[in-house]
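> generate coordinates for the sequence data below:
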Amino acid sequence: MTAPAQLSRRQFMKTLAALCASALVPATTAASREKLISKQIPSSGEAMPVIGLGSSRTFNVGDDIAARDTCAEVIRQFLDAGGRMLDSSPMYGSSQPVIGYALDKLGRSRQVFSADKVWTPTPGKGRQQMEASRRYWGVPGFDLMQVHNLVSWQEHLETLYEMKAAGNIRYVGITTSHGRRHQEFEKVMKTRELDFAQFSYNLVDREAERRLLPLAAERGIAVIVNRPFQRGDLIYRLEEHPLPAWAGEIGCTNWPQLLLKFIVSHPAVTCAIPATSQVEHVTENMGACYGALPDTDMRARMIAYVKNL
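As a prediction, the model looks like this:
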C-alpha cells in the first residue's frame, strides 16, 4: 500500500497502525476501559493510577502565559482521565511555578498526588528549598518528597523522616535516572525505610529488572518509572514501524500506550510518569491506564518484536 502524498511516512504508519489495532480490540476490552487501572502503594495500601505525569523540560516554559495555559490544559486532561501523580523538582527550571499556576487556574490541587524532590548539596538548605517548592505549587503539603539523584541523601533522608513524623509529608522516597548509581541506590533501598523509589525503566532499558525491581518488591517499596520513552527518542524510532496487530489484544492503538503498558505491567512497578506539554500526547498516554495489561507471554513478545525492528 502506498501512503497518500500529503502524509509523511511517519504519519501514515501511525494512522495505519491505529486503525489496525483498534479494529482488533475485543468488546470486553472496550467495555473495561471504564475501569481505571490502579496499583496499591505497598506501605499504605493507597490506590494509585498507573500513569502519572512528569514535568522535566516540558513544563519549563517560564512566564509565557500562552505556554502556561497549554500546560494547564495538559494537567486538566490528565486529571479528567483519572490521573493523580504529578512529579516535579527544583531542578526542572520553572516547572514548579507553572504547576502552581495551573492548579490555581483549574482549582483542582486536591485531586493531585503531589510528588516533588529536595535537590541541594547543602543539607542545611533542604527545608528552605522544600518550603519554596510548596509555595510554588500552592499546596498545604506534599504527598511525596524524594531525595533527587541521591544528592546528600544521608542528611536529607533524616530531614524527610522528621517531616513525615510531623505530618508535613506523607511519603518518603529517593530517585535516580539514566541508569546511574544503581549500586548506591540499591544500598539505600536495602538499608533505609522508603515508601518510594524512582528510576528509569522501559522496553529497551531494562537494567532495573536485574536488581532494583526485585528488591523493591522484596522490601515493599513503590516504584515510579521515569524516562519511559527515553525523552521521546524511543517513540520517534518506533513510529517508523507499524504497531503489531496483537497490540489490540490489550487495547493499545499507538506506540506510547504499548510502551507504557509494558512498564506498568511489571509487578513491582506502581506508576510511570511520562512528561509532555501536548494535550494530544497526555490523552494518548492516559489510554494506557485503561483496558487489559500484558501478561508474561505478551511482555516477552513485546521485547522480541522491538528487538527485531
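> now do the contacts for the spatially closest residue to residue 270 that is not a sequence neighbour.
Spatial nearest neighbour of residue 270, chain neighbours left out: residue 222 (4.1 Å); criterion: Cβ to Cβ, 6 or more residues apart in numbering. To be clear about C-beta, it is placed using only N, CA and C from the backbone, and glycine gets the same treatment. Shown here is residue 222, whose contacts under the criterion Cβ atoms under 8 Å, 6 or more residues apart in numbering are 41-43, 48, 171, 173, 195-197, 216, 270-271.
> out of those, flag the one nearest to residue 206.
Nearest to residue 206 among the contacts of residue 222, counting by Cβ to Cβ, is residue 216 at 14.6 Å.
> for this structure, what spans make up the strands?
Secondary structure of the chain (DSSP state E): strands located at 38-40, 47-49, 85-87, 113-118, 142-147, 169-175, 196-200, 222-226, 271-272.
> give me the sheet partners of the first one and which way each runs.
Strand 38-40 has the following sheet partners, assigned by DSSP bridges: strand 47-49 (antiparallel).
> could you do the fourth one as well?
Note on strand 113-118: by DSSP bridges, its sheet partners are strand 85-87 (parallel), strand 142-147 (parallel).
> now the first one: mean pLDDT?
By that I understand strand 85-87. When pLDDT is averaged over strand 85-87, the result is 98.
> can you tell me the centre-most residue of the chain?
Among the residues of the chain, the one closest to the centroid is residue 273, at 0.8 Å (Cα atoms, centre = their mean).
> who are the contact partners of that residue?
The neighbours of residue 273, taking Cβ under 8 Å, 6+ apart as the test, are 51-54, 85, 87, 224-226, 228.
> now flag whichever of those residues is closest to residue 136.
Taking Cβ to Cβ as the measure, residue 136 lies nearest residue 87 of the contacts of residue 273, at 13.9 Å.
> could you give the bridge partners of the closest residue to that closest one other than its chain neighbours?
Counting by Cβ to Cβ, 6+ apart, residue 87 lies nearest to residue 115, which is 4.3 Å off, once chain neighbours are set aside. When bridges are called by DSSP bridges, residue 115 pairs up with residue 87, residue 144.
> what residues does residue 115 make contact with?
Counting by Cβ under 8 Å, 6+ apart, residue 115 has contacts 52, 85-88, 142-146, 173, 196, 224.
> burial of residue 179, as a residue count?
As a burial measure, the neighbour count of residue 179 was computed by other Cβ atoms under 10 Å and equals 14.
> and the closest residue to it other than its chain neighbours, how far from residue 169?
By the measure of Cβ to Cβ, 6+ apart, the closest residue to residue 179 outside its immediate chain neighbours is residue 207, 5.4 Å from it. Residue 207 sits 29 Å away from residue 169, taking Cβ to Cβ, to the nearest Å as the criterion.
> comparing the two, which residue is more hemmed in?
Neighbour count, other Cβ under 10 Å: between residue 207 and residue 169, residue 169 has more, with 24 against 13.
> the more buried one touches residue 159, doesn't it?
No: between residue 169 and residue 159 there is no contact, the gap being 10.1 Å when judged by Cβ atoms under 8 Å.
> pLDDT on stretch 91-110, on average?
On average, stretch 91-110 scores 97.
> what's the answer for stretch 46-60, then?
Averaging pLDDT along stretch 46-60 yields 97.
> in that stretch, what counts as buried?
46, 48-56, 58-60 (16 or more other Cβ atoms under 10 Å).
> between those residues, which is nearest residue 79?
Among the buried residues of stretch 46-60, residue 53 lies closest to residue 79 (Cβ to Cβ), at 9.1 Å.
> so what's that closest one up against?
Residues 74-75, 78, 83, 85-87, 273-276, 282 are the ones in contact with residue 53 under the rule Cβ under 8 Å, 6+ apart.
> now do residue 190
With contacts defined as Cβ under 8 Å, 6+ apart, the neighbours of residue 190 are 215, 219.
> now do it against residue 174, distance only.
Here residue 190 is placed at a distance of 12 Å from residue 174 (Cβ to Cβ).
> mind listing the helices for this structure?
Along the chain, counting by DSSP state H, helices occupy 9-23, 27-32, 65-80, 95-106, 126-137, 153-165, 182-191, 212-219, 233-238, 255-264, 279-286, 296-307.
> now tabulate those helices in a markdown table and tack on distance to residue 202.
As requested, those are exported to a markdown table (distance: least, Cβ to Cβ, whole Å):
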| stretch | distance to residue 202 |
| --- | --- |
| helix 9-23 | 19 |
| helix 27-32 | 23 |
| helix 65-80 | 20 |
| helix 95-106 | 22 |
| helix 126-137 | 27 |
| helix 153-165 | 24 |
| helix 182-191 | 15 |
| helix 212-219 | 13 |
| helix 233-238 | 6 |
| helix 255-264 | 6 |
| helix 279-286 | 13 |
| helix 296-307 | 10 |
